[in-house]
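Asker: This is a predicted model, with the sequence first.
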Amino acid sequence: MQDVDGPVLVPAGSLLVVNGTDHPDRLYFMNPAGTGTVLADVPVAGLPQVDEAGGVGIAYHSGRHSLFVVRGNTDVVTELELATGKSTRSFHAGFGVGEGDIAVRPGTGSLLLGTSNGRLVELDTQTGRVIGNYDPIGNSQLGTMDMRQQGIHYQGFAEATGLGFDGSGQLWAATGGGRILMLALPAAPISLQVDGAMAASVDGTPADPLKPGANAGQRIRITAAATTVSPKSNFPVLLATVRRASYVFTRRP
């Protein structure tokens with residue numbers, strides 16, 4: 001860590017804090033034990049077009065060895081170099097954040113963003129795009145999770161101002177009203193059914209019956225007799241491309 005006073009060795013397990021009221025924002029590395037001694041601090045800075053200002057949430061990404069900071073009252077997420085605090089890139093999530101937070105999902109490495117409207121949005125780390133299909137007819141983004149059904153915004157609890165996973169992979173949220181909530185993420189589908197027809201991946205059935213038969217990036221074929229499907233889907237073969245946990249169907253001529 002390149003501190004203002006020179007190189008500093010920051011031990012693993014240190015607490016990361018971003019102060020959005022400093023000018024520019026400042027990144028603090030603190031000892032989580034005792035009084036919370038500041039071990040090192042660096043300004044959050046970089047090129048003007050990727051500068052970060054007004055940070056309200058921060059998350060460490062172990063796979064990229066970098067930090068992701070969400071800017072308050074915007075939809076901007078910025079990636080920072082861990083050692084220097086330098087901004088390397090920024091992107092717009094498309095969902096506004098007031099005093100929300102950001103977390104890295106274990107296993108996938110994707111980003112979870114708590115938005116001001118009570119939704120949890122999953123972002124692709126490489127592209128910054130929302131994971132999930134977009135509905136051009138309804139002009140809405142599919143694949144987001146409504147945290148209001150799990151207590152966010154209930155009786156003035158306000159938005160999720162903190163997000164984090166514990167050692168078992170359980171997601172927790174802190175609210176502006178001072179509540180701590182345990183959140184349940186949607187599970188992966190274990191099968192796909194269209195009327196009475198069950199789908200299996202072209203590559204074969206999974207060895208683990210608890211995992212989806214059609215995984216991300218695979219193509220699946222759904223076959224059914226005309227007598228077993230409704231008139232709206234009265235054709236013998238469907239080809240589908242699996243995009244993560246969502247299914248996009250294309251009728252074959």
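Answerer: That came through fine. No experiment lies behind these values; they were computed from the predicted model shown. Residues are numbered from 1 along each chain as shown.
Asker: which SS class is Gln155?
Answerer: In the three-state summary, Gln155 is assigned as helix, counting by DSSP: H, G, I helix; E, B strand; the rest coil.
Asker: Which residues are in contact with it?
Answerer: Residues in contact with Gln155 (Cβ atoms under 8 Å, 6 or more residues apart in numbering) are Gly177. C-betas here are computed from N, CA, C, even on glycine.
Asker: and if you look at Ala160?
Answerer: Neighbour list for Ala160: Gly100, Asp101, Gly114, Gly118, Leu120, Met147, Ile152, Ala173, Ala174, Thr175, Leu181 [criterion: Cβ under 8 Å, 6+ apart].
Asker: Between the residues you listed, which sits nearest Thr88?
Answerer: Of all the contacts of Ala160, Thr88 sits closest to Asp101, with 20.5 Å by Cβ to Cβ.
Asker: Beta-bridge partners for the closest residue to the closest one other than its chain neighbours, please?
Answerer: Closest residue to Asp101 apart from its sequence neighbours, by Cβ to Cβ, 6 or more residues apart in numbering: Gly57 at 3.4 Å. Note on Gly57: beta-bridge partners by DSSP bridges are Val70.
Asker: what about Gly57, distance to Pro106?
Answerer: As judged by Cβ to Cβ, to the nearest Å, Gly57 and Pro106 stand 17 Å apart.
Asker: Neighbour count: the two, which is higher?
Answerer: Between Gly57 and Pro106, counted using other Cβ atoms under 10 Å, the more crowded position is Gly57 (24 against 15).
Asker: And the protein, split by domain according to the record?
Answerer: Listed domain ranges for the chain are 2-183, 193-251 (source: automatic domain parsing).
Asker: By mean pLDDT, show me the worst of those domains.
Answerer: Of all these, mean pLDDT reaches its minimum on domain 193-251 (a mean of 48).
Asker: how much space between the closest residue to Val44 other than its chain neighbours and Asp41?
Answerer: If the residues on either side of it in the chain are set aside, Val44 comes closest to Asp25, at 4.1 Å by Cβ to Cβ, 6+ apart. Look at Asp25 and Asp41: by Cβ to Cβ, they are 11 Å apart.
Asker: who has more neighbours, these two?
Answerer: Between Asp25 and Asp41, counted using other Cβ under 10 Å, the more crowded position is Asp25 (24 against 19).
Asker: pretty sure that one contacts Ile58?
Answerer: No - using Cβ atoms under 8 Å, Asp25 is not in contact with Ile58; the gap is 9.9 Å.
Asker: No more questions from me, cheers.
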